[in-house]
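Student: Give me coordinates for this.
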Amino acid sequence: MVVLQIEHAVANFNGWKQAFDSDPVGRQRMGVRRYRIMRPVDEPNFAIIELEFDTAPQAEALLAAMREVWGRVQGTLIESPQARITEIVESVEM
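Tutor: Numbering: from 1, shown residues only. As a prediction, the model looks like this:
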């Protein structure tokens with residue numbers, strides 16, 4: 001499993017979540033199998049998103065689409081987005 005991890009500050013978490021839920025890039029169509037949204041308990045206006053894919057090319061394609069979206073909302077809805085594509089090596093539930 002491949003994970004696209006994105007993190008960035010948001011101007012307002014609820015406003016950002018509404019924009020995320022509008023799904024401007026079509027996550028399912030682009031191969032997202034599941035996603036998680038997290039935020040630091042001491043920093044409510046920061047978002048961490050993990051999107052899972054079957055393949056790295058799918059994650060790379062979504063990241064390219066997100067960079068276009070970020071270009072339109074950088075400085076208003078989000079600040080300084082950071083992204084990395086990772087591979088799940090091990091996952092254990094206790």
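
Student: Quick one: the helices in the chain, in order.
Tutor: 13-21, 56-73 (DSSP state H).

Student: Show me the contact partners of the first one.
Tutor: It refers to helix 13-21. Here helix 13-21 makes contact (C-beta atoms under 8 Å, 6 or more residues apart in numbering) with Val10, Ile37, Arg39, Pro44, Asn45, Ala47, Ile49, Val73, Leu77, Ile78. Backbone N, C-alpha and C define where each C-beta goes, glycine included.

Student: quick one: pLDDT of the closest residue to the fourth one other than its chain neighbours?
Tutor: So that's Pro44. For Pro44, ignoring the flanking residues on the chain, the nearest one in space by C-beta to C-beta, 6 or more residues apart in numbering is Phe13 at 5.7 Å. You'll see Phe13 listed with a pLDDT of 96.
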